[in-house]
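Enquirer: Sequence and predicted model, in that order:
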Amino acid sequence: MPHRTRWQIALVTVVVGGLLLRVVDLGGRVFHWDEARVGYWTLRYLETGSFSYRPVIHGPFLPLVNSWVFEVVGATDATARLIVALGGAAVPLVVLGLRRWLPPAALLGVALLVATDPTLVYYSRFMRNDMLVGGTTIAALVLVARAIDSDRAILLVPAGGLLGAALLMKGTVLLYALSAVGAGVLLVDDLLVRAPGYGGRRVRVMAAWTRMGGWIRERGHRYLIAAIVAMVVLLTITAWGYAPRPAVHTGPWPHRVGVAAGGLGDAVEQFVDFWLLGARQEHGYLPYLGHLLRTLVVGSPVLVSLGLVGIVLDRYRSRQRPLVAFAGWWALLALLGYPLATDIKAPWNAVHVLLPLSIPAGVALAELGRMAYAGRRQVAAGAIIGSVVLAGVTGVGLMTYHNSASVAGAPVVQWAQPGDELRDALAAIEVATTGHEGVDLLYVGGEDGAYHVADQSDVDSPPPGGPGWHDRLPLPWYTERLDIEVTSVPADAEIAAQLQDPPPVVIAPAARAAELQSLLPSHTTHAVSLRLWDREVVVLTAAEGPQQ
């Protein structure tokens, strides 16, 4: 079998294995607070046809795409995560564009690590944009590099399309751009430092300048045209995505174009006000950096350790690989930059460090594999033992974080993840409300205002009616799918009067469990945590609906 065919078969095997890791039991973990918030507004969009950009939930990609998914196959925890799982499984295919700069063994190492890293797998099974925007942006940058290296200006057009899609996902694209530019500057500086003396550096600069001038004269016009087309594609995709619904779907085409352009301009203004000029990043730097480092070390010890080894090995080679050095600088800048840009201690930010770090890690893994087949018996034995240990650590990580919904999964599992016991409560809610008419679910507010919304109609369209609604998450995602009628009362309401004709479901702070059990002796009580810690509630459900 030809070597190229073997390499392709191995890559396909890695991708298929990564896909299985991402889709098997995809709905097993109960929805996270963040997933539920976006999922709820997607369901509301399907109901009302109304949607507009809100910076707090990032770009409109998932709501728009998942609205199509829900219409075709229905809305479940698994189908809501399906696009992310498929996209995460496809990320290893990006190595196909790196064949010019790395050998097949290193490329397979990169693909294998991206496909199996526990943190990357976990956030490929999570309805967030991070894996999607990371893979899409890197794929676009690879296309740009291939366009220049292979003199195929046309590749800029699909790169523009990918960047347009990435901009629909998350503003993180801007951080990727800053990291890539910074890594490029540091790489050039590194190459100049390695040149022999001042004269050598001067020769390199002049030679590069001459080549650049010749390239612009010979090919510049073709690349300019391709870049303009790519920009048109990018702006078309982003304007369509950020356009308010249903206005962009009605009226003549000139009107729709105007609505799309206006929507894009408004989205840019909101993004700048909310993320760049707002107070979201006013926090201490070192605690956030420490949290990101801990997430990387605990969640991805194999990829991180191999990445560091790969960076060191390449830096002290007689002939440095520019791609490996570039990726190493990129990972370092992302590590230092994300604690500045993020608004919460979010473990999913590790994704944006791990993806570029996977390149030097793949090189180190390939070197380990080469030593495993080396002629020297002791070196080969050590490499084989090391490979087994790394595989074991990765396997333990995958089992630990597979559908993890407990404190044992911290820090990879973010704190707003509910516990698995919520599944039983949700099943009881569905049974109790089936066939019931009138108010199906009553929230009893907490002393801090949690769970209570003064006017329930305020949650029919974003933004929701106050912080009390957010404290209910992820329950609104599930109750909206069940199409049940919800209301609430504040903490100081006379509960006995409210429960003279009790609804089939009552949800209240855990501190009020005894009081409500005495008022609803025929209801079954379920103790539930809506977060890894804090926000403990009781769900009291009637035995069955009237039509059971």
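Expert: It's in. Numbering: from 1, shown residues only.

Enquirer: Wait, residue 507 touches residue 441, no?
Expert: Yes: using Cβ atoms under 8 Å, residue 507 is in contact with residue 441, at 6.7 Å. (Glycine included, C-beta is placed from N, CA and C.)

Enquirer: hmm, who's touching stretch 290-307?
Expert: Outside stretch 290-307, the residues that touch it by Cβ atoms under 8 Å, 6 or more residues apart in numbering are 113, 117-120, 122, 328, 331, 335, 338-339, 345, 347, 349-350, 353-354, 357-358, 360-362, 364-365, 368, 390, 393-394, 397, 401, 411-412.

Enquirer: And those, which of them are buried?
Expert: Listed as buried from those are 113, 117-120, 122, 328, 331, 335, 338-339, 345, 347, 349-350, 353-354, 357-358, 360-362, 364-365, 368, 390, 394, 397, 401, 411-412; burial here means 16 or more other Cβ atoms under 10 Å.

Enquirer: Give me the local confidence score for the residue nearest the centre of the chain.
Expert: Centre of the chain computed as the mean C-alpha position; nearest residue by Cα atoms, centre = their mean is residue 130, 2.4 Å away. pLDDT recorded at residue 130 is 94.

Enquirer: Isn't it up against residue 123?
Expert: Yes: Residue 130 is within contact range of residue 123, at 5.7 Å (criterion: Cβ under 8 Å).

Enquirer: Find residues that contact each of the two.
Expert: Here residue 130 and residue 123 have 348, 351 as joint contacts, going by Cβ under 8 Å, 6+ apart.

Enquirer: what about stretch 471-485, average pLDDT?
Expert: The average pLDDT for stretch 471-485 rounds to 94.

Enquirer: What residues of it count as buried?
Expert: Here stretch 471-485 shows 471-481, 484 as buried, counting by 16+ other Cβ under 10 Å.

Enquirer: What of stretch 427-445?
Expert: Neighbour-count burial for stretch 427-445 [16+ other Cβ under 10 Å]: 428-434, 436, 439-445.

Enquirer: Now the two most distant members of the buried residues of stretch 471-485.
Expert: Spanning the widest gap among the buried residues of stretch 471-485 are 471 and 481, at 19.3 Å by Cβ to Cβ.

Enquirer: Tell me the helix or strand right after the helix or strand hosting residue 308.
Expert: Per DSSP states H and E: residue 308 is located in helix 301-315. Moving toward the C-terminus from helix 301-315, the next helix or strand (DSSP H and E) is helix 322-341.

Enquirer: angle of that following helix against helix 301-315?
Expert: Angle, helix 322-341 to helix 301-315, by axes from the mean of the first three to the mean of the last three Cα atoms, to 10 degrees: 130 degrees.

Enquirer: For helix 322-341, C-alpha coordinates in CSV please.
Expert: The C-alpha trace of helix 322-341 is given here as CSV (Å, rounded to 0.1, in the frame of the first residue of the first chain):
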residue,chain,number,x,y,z
PRO,A,322,8.7,28.2,11.3
LEU,A,323,5.2,26.6,11.6
VAL,A,324,6.0,25.0,15.0
ALA,A,325,7.6,28.2,16.3
PHE,A,326,4.6,30.3,15.0
ALA,A,327,2.2,27.9,16.8
GLY,A,328,4.2,28.0,20.0
TRP,A,329,4.2,31.8,20.1
TRP,A,330,0.5,31.8,19.2
ALA,A,331,-0.3,29.5,22.2
LEU,A,332,1.8,31.7,24.5
LEU,A,333,0.0,34.9,23.4
ALA,A,334,-3.4,33.2,23.8
LEU,A,335,-2.5,32.0,27.3
LEU,A,336,-1.5,35.6,28.3
GLY,A,337,-4.3,37.3,26.4
TYR,A,338,-7.4,35.4,27.3
PRO,A,339,-7.4,36.3,31.0
LEU,A,340,-7.4,39.9,30.0
ALA,A,341,-10.3,39.5,27.5
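
Enquirer: mind checking how far it is from the chain centre?
Expert: Distance of helix 322-341 from the chain centroid (Cα atoms, centre = their mean, to the nearest Å) equals 18 Å.

Enquirer: Show me which positions of that helix end up buried.
Expert: Using 16+ other Cβ under 10 Å as the test for burial, helix 322-341 gives 323-335, 337-339, 341.

Enquirer: now swap in stretch 105-124 and tell me
Expert: Within stretch 105-124, the residues that count as buried by 16+ other Cβ under 10 Å are 105-124.

Enquirer: what's the span of that stretch from first residue to last?
Expert: Stretch 105-124 has an end-to-end distance of 25 Å (criterion: Cα to Cα, to the nearest Å).

Enquirer: now that stretch: mean pLDDT?
Expert: In this model, stretch 105-124 has a mean pLDDT of 95.

Enquirer: Stretch 170-181 now?
Expert: Mean per-residue pLDDT for stretch 170-181: 88.

Enquirer: Run through who's touching it.
Expert: Stretch 170-181 has contacts (Cβ under 8 Å, 6+ apart) with 55, 58-59, 61, 129-130, 133-134, 137-138, 141, 163, 166-167, 271, 275, 330, 333-334, 337-338, 341, 352, 356.

Enquirer: Go through those residues and flag which are in helices.
Expert: Among those, the ones falling in helices (DSSP state H) are 61, 130, 133-134, 137-138, 141, 163, 166-167, 271, 330, 333-334, 337-338, 341, 352, 356.

Enquirer: care to break this structure down by domain?
Expert: 3-401, 422-541 (automatic domain parsing).

Enquirer: so which of those comes closest to residue 407?
Expert: domain 422-541 (5.3 Å).

Enquirer: measure the closest one end to end?
Expert: 13 Å.

Enquirer: Buried residues of the helix or strand harbouring residue 514, list them for me.
Expert: Assignment of secondary structure by DSSP H and E places residue 514 within helix 513-519. For helix 513-519, a neighbour-count test (16+ other Cβ under 10 Å) marks 513, 516, 519 as buried.
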